[in-house]
Each structure stands twice: as structure tokens, then as C-alpha cells.
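Chemist: structure for the following, please:
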Amino acid sequence: PLSPHPFFFPFHGVMDFASFRGAVVVGNVNFQALLYFHFYFAPLWFLSSLITTGLRPGGFLNQHVRLATYASMIVVEIVRLYLGFTGNKREQVPALVGFIIGTFVQLGLVAIAFYYDPYPLEYGFNVIYITFTLFELIFGSIALHYINKEKIYRFAMAYREKYM
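Modeler: Model (predicted):
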């Protein structure tokens, strides 16, 4: 095969496609900040929920559905925040998809908690909680879009380097 003349193509065969772009970090900083603040807000929200549940007539004894909802929310919240942190920082698409699915589950559980006549303290914390969760859903979807786009680009570059 004929090789290109070095005068016209001085870098032919010296550089690969990946060297033009370098390592690109596509994690979303706004999403990471939301997760950070939500991480510190979640224990305050849980404490306010326990306080208002204990202040209700009958205390904790007659609040089976509410306590089951809060227990489920705690488990889903821990897993959801972990998946959000790792998915954004390590650019892992499956973790971010798990975060988004967990966010939809969490919104459903918050809707159940709203259904049972919240006290003003609980109502205020739940509004802040839902606001955090909706913004995390929006920014998490944006982060997932850009990370997925970058993964597709990296795969295409690796494919071109290997087979073309």
C-alpha cells in the first residue's frame, strides 16, 4: 500500500483519535451540589417527620402506614443518594439510571406521606424535600444525557481506532 507523503501529512500514523480530545469529565456540578445539600437535609427531614409522628394523637402506635412509608423512604433515600453520587462522580450510566428510578419511587412515597394530613412542620419540610427531589430529577437527567453522550463518543473513537 502507498503511504502518504510526509511533506503533506507529517503526523500520519503518529497520533490516534483519542489524543485530540483527552480525558473529558462530564459530571454535572449542579447535580453534585444538590446531592451534597440533600445529604445534609435528609436527616433533618427524617427527624422532623419522627417528631410530628410522635406528636399525633396515639403517638407511634396508630401510625402503621406512616411509619412504614418513612422506613421505606429512608432505605430508598440512602440507596438513591449513593447511586447519584457514584453515578455522577464516576460517570456510571447504570448508577444514574438507578438514581432516576429511585427518585420516582421516592416521589411516590412522599405523595403517600402528604396524603395523611401533615402538620405544618412536616408540610414545610416535605415541600423542601420535594423541591430538592424534583431539581435532582431534572439535573440528574441532564447529567445522564451528557454522560451517556460522552460514553457513546468514547466507544465510537475506540471502535474507529481499532477497526479503521
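Chemist: so what secondary structure elements neighbour the longest helix seen in the chain?
Modeler: For the chain, the helix with the greatest residue count under DSSP state H is helix 120-163. If you count contacts as 3 or more CB pairs under 8 Å, 6 or more residues apart in numbering; DSSP states H and E, helix 120-163 packs onto helix 18-21, helix 29-55, helix 64-89, helix 93-115. In this view, the C-beta of every residue, glycine as well, is placed from N, C-alpha and C.
Chemist: what residues sit buried inside the longest one?
Modeler: If you call a residue buried by 16 or more other CB atoms under 10 Å, then helix 29-55 has these buried ones: Phe31, Gln32, Leu34, Leu35, His38, Ala42, Trp45, Phe46, Ser48, Ser49, Thr52, Thr53.
Chemist: what mean pLDDT does that helix get?
Modeler: The pLDDT scores in helix 29-55 average 92.
Chemist: how far does that helix sit from the chain's center?
Modeler: Taking CA atoms, centre = their mean, to the nearest Å, one finds helix 29-55 lying 16 Å from the centre of the chain it belongs to.
Chemist: likewise the last one?
Modeler: Computed by CA atoms, centre = their mean, the separation of helix 93-115 from the middle of its chain amounts to 10 Å.
Chemist: for the third one, same thing?
Modeler: Offset of helix 64-89 from its chain centre (CA atoms, centre = their mean): 12 Å.
Chemist: got the angle between the longest helix of the chain and helix 93-115?
Modeler: 160 degrees (axes from the mean of the first three to the mean of the last three CA atoms, to 10 degrees).
Chemist: between the buried residues of helix 29-55, which is closest to Thr133?
Modeler: Comparing the buried residues of helix 29-55 against Thr133 with CB to CB places His38 closest, at 7.8 Å.
Chemist: my read: that closest one touches Leu81, true?
Modeler: Yes - judged on CB atoms under 8 Å, His38 makes contact with Leu81 at a distance of 6.7 Å.
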